[in-house]
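J.: Just to be clear, the model below is a prediction. Sequence and coordinates:
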Amino acid sequence: MDRLITMRVFQTVADQGGFAAAARALDMSPATVTRFVADLERDVGARLLQRSTRRVSLTEAGAAYLTRVRAILANVDEARAVAQEYTMGMSGVLRVCAGPVVATHVLAPLVAEFRARNPAVRLDIHVRIGGDSPIADHDITLFSAPAGYDADVIARPFASSVGVLCAATAYLQRRPAPRTPQELPEHDCLLANHMHAHGGVVRLSHPEHADRMTEVALRPVCVVNHADTLMAATLGGAGIAVLSVDLVAEHLRSGALVRVLAPWTCGRYTLYAALPSCKFMPARTRAFLEFLTERTRVRIREALSE
């Protein structure tokens, strides 16, 4: 016996003054309503309703029981409303986790616009520095991964990015930009250490010849194991570097960095949003994911078109 259902049926019978009226209000058959009330009386061990040919009235025990039932059902309805507000409401705390690079260059530039659209949502951003942070501890965990990434987590790809060759105006004033990939070894090049670990070979692809790769062996003047340091050195005019377009979109837009050898690209990356569960996703989480996807894709598209 579902006690909450029987309580609600009993309350409706009392409020409607009869089994037939209660059955209509609950969209049940009169026999079902009668059975629920009988089961409830048997469970509590007392007669709760006094039946007559014309109407149903509460017994003394029924009146006392109904007072408590009303309070119980009101609390249940309130708890349900609170839970639904968590899922459906555009307010509350949204917990977002990301590594330093994604947090700085993908997430942070979007905070002001998202808050302007959703002022009742408070962002709680955790920047993960070293080690893994359990996905279950946050509403959304953002990260990037190379093509072919596969892991046993609930992760939605929200944008696709590529590596582009960039240099600061200060460097290009000293050295004219390369016209072909083969001219790259003549330039001061900055490399991420994972590229240097592969012999300094950069694999470039052209959108018009997607099935053909061009490999160029570089002699870097600087090797860096930290994306922000690599970007800062490039901004300072140290040379040409391969940087993920989602990270340098703002610098390309402002002119602080200039893309060289366009439309050649180097590597493909996917940005993911990992979720603790796909069921009963709060409205604020869904809204943030949609906003993040929309704005990030626009930023990447605009950066690639410049």
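T.: Received the coordinates, thanks. As the structure is a computational prediction, the values presented were derived from the model and not from experiment.

J.: separation between Glu268 and Asn225?
T.: Just to correct that, residue 268 is Arg rather than Glu. Relative to Asn225, Arg268 is positioned 21 Å away (CB to CB, to the nearest Å). For every residue, glycine as well, the C-beta is placed using N, CA and C.

J.: what's the answer for Arg212, then?
T.: 30 Å.

J.: picking up where we left off before, more neighbours, Arg268 and Asn225?
T.: Between Arg268 and Asn225, counting by other CB atoms under 10 Å, Arg268 is the more crowded of the two (14 against 11).

J.: in terms of contact, does the more buried one touch Pro146 like I think?
T.: Yes: the pair Arg268 / Pro146 is scored as a contact, 7.3 Å apart, by CB atoms under 8 Å.

J.: need the strands for the stretch 1-150 of the chain, in chain order.
T.: Using DSSP state E, counting those that start in this stretch, the strands of the stretch 1-150 of the chain run over residues 49-51, 56-58, 92-98, 121-127, 140-146.

J.: The fourth one pairs with which strands, parallel or anti?
T.: Okay, so that is strand 121-127. strand 92-98 (parallel) (DSSP bridges).

J.: Any idea which helix or strand in the chain has the lowest mean pLDDT?
T.: Sorting the helices and strands of the chain by mean pLDDT, DSSP states H and E puts helix 193-196 at the bottom, at a mean of 76.

J.: so how far is Phe114 from the nearest residue to Asn118 once chain neighbours are set aside?
T.: Leaving aside its sequence neighbours, Asn118 sits nearest to Met90 (CB to CB, 6 or more residues apart in numbering; 5.6 Å). Separation of Met90 from Phe114 (CB to CB) stands at 11 Å.

J.: Those two - which one has more neighbours?
T.: Looking at Met90 and Phe114 with other CB under 10 Å, you find the greater number of neighbours at Phe114, namely 19 against 15.

J.: Am I right that the more buried one is in contact with Ala120?
T.: No: judged on CB under 8 Å, Phe114 makes no contact with Ala120 at a distance of 11.8 Å.

J.: Could you list the low-pLDDT ranges of the stretch 51-200 of the chain?
T.: Within the stretch 51-200 of the chain, the ranges that satisfy pLDDT under 70 run 53, 81-82, 84-89, 131-133, 147-153, 196-197.

J.: Apply 50 and report the result again.
T.: The model of the stretch 51-200 of the chain has no residue with pLDDT under 50.

J.: that older thread, state the next helix or strand along the chain beyond the least confident helix or strand of the chain.
T.: As assigned by DSSP states H and E, the chain's next helix or strand after helix 193-196 is strand 201-206.

J.: what does that following strand rub up against?
T.: With CB atoms under 8 Å, 6 or more residues apart in numbering as the test, strand 201-206 has contacts from 181, 184, 191, 195, 212-218, 242, 261, 263-267.

J.: how far is that strand from where the chain is centred?
T.: Centre-to-centre, strand 201-206 and its host chain are 32 Å apart (CA atoms, centre = their mean, to the nearest Å).

J.: List the buried residues of it.
T.: Buried positions in strand 201-206, judged by neighbour count with 16 or more other CB atoms under 10 Å: 202, 204-205.

J.: what about stretch 116-130, start to end distance?
T.: The first residue of stretch 116-130 is 32 Å away from its last residue (CA to CA, to the nearest Å).

J.: how about that stretch: buried residues?
T.: Residues of stretch 116-130 classed as buried by neighbour count (16+ other CB under 10 Å): 118, 121, 123, 127-128.

J.: In CSV: those residues, plus distance to Ala177.
T.: Formatted as CSV, these follow (distance: CB to CB, whole Å):
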residue, distance to Ala177
Asn118, 42
Val121, 44
Leu123, 39
Val127, 35
Arg128, 36
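
J.: ok, so of those, who is nearest Met281?
T.: Val121 (14.1 Å; CB to CB).

J.: quick one: which of the buried residues of stretch 116-130 is nearest to Val13?
T.: Nearest to Val13 out of the buried residues of stretch 116-130 is Val121 (CB to CB; 43.3 Å).

J.: residues contacting that closest one?
T.: Counting by CB under 8 Å, 6+ apart, Val121 makes contact with 90-94, 114-115, 284, 287-288.

J.: No more questions from me, cheers.
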